[in-house]
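K.L.:
Okay, sequence plus prediction incoming.
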Amino acid sequence: MGHTFHIPVLGLGYSVDTPLKVSRYGISSVMSIVDDELIERMREYHLKSNGENYVAISKSEPDSRSKRITAYLNMVEKYVDLQFERLKNEPFEPGSDITRYFELLPESSQLKQGYDLMMEYPDGPRKSIFQNILRKMITKGSIDVNIMAKVDKMNFDADGNFTGNENTDALCSLRGFAESRLESSVVLSAGMNPRLYSYIESFSDFFPDVNGRLKKRIILKVSDFRSALIQAKFLAKKGLWVSEFRVESGLNCGGHAFATEGYLLGPILEEFKQKKQEMLAELCELYKNALVNKGIALNQTPGQRLSAQGGIGTASENDFLLEYYQLDATGWGSPFLLVPEVTNVDDATLTQLATAGEDDFYTSAASPLGILFNNFKNSGIDLQRLARLEKGRPGSPCTKKFLCTDTEFTEQAICTASREYQNLKIKQLQTLELPSGEYDQRFNSITEKICLCEGLCASTFIKYDIVKPKESRAVAVCPGPNLAYFGRTYSLEEMVKHIYGKLDLLQNIQRPHIFMKELELYIDYLQTDIQAHLNDLNDKKKKYLNKFKAQLHEGINYYKKLWEQLPGQAADLFPSLSDELRSMENKLNAILILE
């Protein structure tokens, strides 16, 4: 009926209030609920901006993290509901929000077709009746939240006592969502956390009511079919249903990059397409049995959506993914960083992103989590890092402590981007008496880490002019490489029209196809991985690299067959792909075959 795309989570702050900007138009989006400090400050900002009283939830209050998240989500829902009610009562006239709602819809939408038909009616009672029907049929975009499942720091009280498993960061975040009034989804990403997944079972909103309706739904962000099935079965055995699988490209995406073992997006989506009915049947059986044991009757098979995201840049790519792989939706993330009315990007960073080229986007080891991170050259946070190095003060003050995972030097985990960790690690490095080249390499690896807790919020605070005195204004931004081809800022209308093929924002722009760009990223990743292990290449690593290369060859063969079997009309979308694929295959063949 409505939109066929969603806006995925964008860092910590970039989409933290995006539902307030797009939900009333039926567009779904995802907010991060990792950082309760950011969330509390955004609650204060929006309440005061709306003339409402703000009562702080102090960090010292019991269970403050989940309470802050619940309060913020309830506030967002309240304001979106108010916006939506105003929209529904507006007249159908140029410039009104209700007119904008319908004009943003794709032409394939029945709602859009009904709107177009209504507009042809002459003014009078019949047209008014038609308009009222349309008002009743429209729906809000979903206000979804994201939890990185494995970002689950243990917490301690003032005396150093562990506060318990239910008070780790990820579980507190889940509790904050579960206890909110939202009727929406939690997107679980970054791998499986059995403790978190088991904790979901504590909240009744994740189980169906008498009508089979789920008030709170689960979405899994995954990078391959096998992982998706394992996680979904774990949940189904507990009576928890996965309402959607969001397949994300391992490397052609924004934020953290979780490279697969050479599995490419096309073959992955093909496997979902071929096996989804078989998977659905298996999961339903486990789910129904678990519900019976809980005394819950299920009268109908629940639905399960499939979507894909990461690197989609044109309407033809978007349409092909939806139609050929039978997707329910696609995700468009990084391009919305250039839509100021949708995301929180400060003016200076916005100008940098809008004028950047392909070489300005790269993957790095900058994340304290030890996971590849999509980075942006000359970002404020990296310039700050280099300035601190020049002053002989590597690392960042660690104030929020969300990414504390290392216990090499301390009993309680600390962050590898922190000044404390980097000083300790550099002192250890100095005792090893390494050759200068190896010393420099290790030193750079230690000091490459940046503070994401501060950096991914800074742009939001700058945009809303709520930066505190002495607070860092150094911005971290993590767009996907696809953003390089979008060369200015855009309105919401322009970006949505681009997605649906009503407007081409990339006209005359030379840009590789989504599949070819991902393949190139994976070949480059393989080359880099081989170079990094030339001096310590054991049998296990050789086996991994050979499997990786073989899997890329399988992906190339899949694409060759796909181009051959596409009907003529679809084949016209890929006039140069055979040449690009041949070039990529030659590049892969040139990589040294490991004995």
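P.N.:
Alright, I've got the coordinates. Numbering: from 1, shown residues only.

K.L.:
how distant is the helix or strand where residue 65 lies from the center of its chain?
P.N.:
Take DSSP states H and E as the rule and residue 65 turns out to sit in helix 64-88. On the basis of Cα atoms, centre = their mean, to the nearest Å, helix 64-88 sits 21 Å off its chain's mean C-alpha point.

K.L.:
can you pull the buried residues of it?
P.N.:
Under the neighbour-count criterion of 16 or more other Cβ atoms under 10 Å, helix 64-88 has 64-73, 75-77, 79-80, 83-84, 87-88 buried. C-beta here means a position set from N, CA and C on the backbone, and glycine is covered the same way.

K.L.:
Give me the next element, helix or strand, following the helix or strand bottoming out on mean pLDDT in the chain.
P.N.:
Evaluated with mean pLDDT, DSSP states H and E, the helix-and-strand set of the chain has its lowest mean pLDDT in helix 568-571, which scores a mean of 58. Read in the C-terminal direction, the helix or strand following helix 568-571 is helix 577-589, with elements assigned using DSSP H and E.

K.L.:
mind listing what's buried in that next one?
P.N.:
For helix 577-589, a neighbour-count test (16+ other Cβ under 10 Å) marks 577, 580, 581, 584, 585, 588 as buried.

K.L.:
neighbouring contacts of that helix?
P.N.:
Outside of helix 577-589, the residues that reach it under the criterion Cβ atoms under 8 Å, 6 or more residues apart in numbering are 512-513, 515-516, 519-520, 523, 526, 549, 552-553, 556, 559-560, 563.

K.L.:
again, only using 6 Å
P.N.:
With contact meaning Cβ atoms under 6 Å, 6 or more residues apart in numbering, helix 577-589 is reached by 513, 516, 519, 523, 552, 556, 559, 563.

K.L.:
May I ask which of those residues has the most neighbours?
P.N.:
residue 519 (27 neighbours; other Cβ atoms under 10 Å).

K.L.:
so what's that residue closest to, chain neighbours aside?
P.N.:
Excluding the flanking residues, the one nearest residue 519 by Cβ to Cβ, 6 or more residues apart in numbering is residue 584, at 5.1 Å.

K.L.:
Then residue 276?
P.N.:
On the basis of Cβ to Cβ, 6+ apart, the spatially nearest residue to residue 276 that is not a chain neighbour turns out to be residue 306, at 6.5 Å.

K.L.:
Phi and psi next, for residue 374.
P.N.:
Residue 374 adopts backbone torsions of phi -70, psi 120, taken as degrees, to the nearest 10.

K.L.:
residues contacting it?
P.N.:
Going by Cβ under 6 Å, 6+ apart, residue 374 touches 254, 257, 363, 478, 480.

K.L.:
For beta bridges, what are the partners of it?
P.N.:
Note on residue 374: beta-bridge partners by DSSP bridges are residue 363.

K.L.:
Next one: it relative to residue 476, how far apart?
P.N.:
Separation of residue 374 from residue 476 (Cβ to Cβ, to the nearest Å) stands at 11 Å.

K.L.:
Give me the pLDDT for the closest residue to residue 520 other than its chain neighbours.
P.N.:
Of all residues not flanking residue 520 in the chain, residue 584 sits nearest, at 6.3 Å (Cβ to Cβ, 6+ apart). Per-residue confidence (pLDDT) for residue 584: 91.

K.L.:
Now residue 5: phi and psi?
P.N.:
The phi and psi torsions at residue 5 (degrees, to the nearest 10) take the values phi -140, psi 160.

K.L.:
Would you confirm that it contacts residue 335?
P.N.:
No. With contact taken as Cβ atoms under 6 Å, residue 5 and residue 335 are classed as non-touching, separated by 10.6 Å.

K.L.:
So the two - more neighbours on which side?
P.N.:
Neighbours per residue, other Cβ under 10 Å: of residue 5 and residue 335, the larger number sits with residue 335, 25 against 21.

K.L.:
gap between stretch 296-312 and the chain center?
P.N.:
Average the C-alpha atoms of stretch 296-312, do the same for its chain, and the two points are 18 Å apart (Cα atoms, centre = their mean).

K.L.:
Could you list the buried residues of that stretch?
P.N.:
For stretch 296-312, the neighbour count (16+ other Cβ under 10 Å) marks 296, 298, 302, 304, 306, 307, 308, 309, 310, 311, 312 as buried.

K.L.:
now stretch 226-235
P.N.:
Quick answer for stretch 226-235 (16+ other Cβ under 10 Å): 227, 228, 229, 231, 232, 234, 235.

K.L.:
Skipping adjacent residues, who's closest to the second one in space?
P.N.:
Read that as residue 228. Computed as Cβ to Cβ, 6+ apart, the closest residue to residue 228 that is not its neighbour in sequence is residue 222, at 4.1 Å.

K.L.:
Repeat that for the first one.
P.N.:
Here the nearest residue to residue 227 in space, its sequence neighbours aside, is residue 192; by Cβ to Cβ, 6+ apart that works out to 7.7 Å.

K.L.:
how about that neighbour, secondary structure?
P.N.:
Remark: residue 192 carries the secondary structure label coil [criterion: DSSP: H, G, I helix; E, B strand; the rest coil].

K.L.:
I'd say it and residue 230 touch.
P.N.:
No. Between residue 192 and residue 230 there is no contact, the gap being 7.2 Å when judged by Cβ under 6 Å.

K.L.:
rewinding a little: now, which of the buried residues of helix 577-589 sits nearest residue 470?
P.N.:
residue 584 (49.4 Å; Cβ to Cβ).

K.L.:
Quick check: closest non-adjacent residue to residue 451.
P.N.:
residue 396 (3.8 Å).

K.L.:
And the pLDDT for that neighbour?
P.N.:
93.

K.L.:
My guess is it contacts residue 417. True?
P.N.:
Yes. Residue 396 is within contact range of residue 417, at 5.4 Å (criterion: Cβ under 6 Å).

K.L.:
Now list whatever residues contact both of these two.
P.N.:
Residues touching both residue 396 and residue 417 comprise residue 451, with contact defined as Cβ under 6 Å, 6+ apart.

K.L.:
Helices along the stretch 351-500 of the chain, start to end?
P.N.:
With helices called from DSSP state H, counting those that start in this stretch, the stretch 351-500 of the chain shows them at 380-390, 419-430, 436-447, 452-463, 492-499.

K.L.:
Could you quantify the relative orientation of the third one and helix 380-390 as an angle?
P.N.:
This points to helix 436-447. Here helix 436-447 points in a direction 130 degrees away from that of helix 380-390 (axes from the mean of the first three to the mean of the last three Cα atoms, to 10 degrees).

K.L.:
How about the last one?
P.N.:
With the same axes, to 10 degrees as the basis, helix 492-499 and helix 380-390 are set at 100 degrees to each other.
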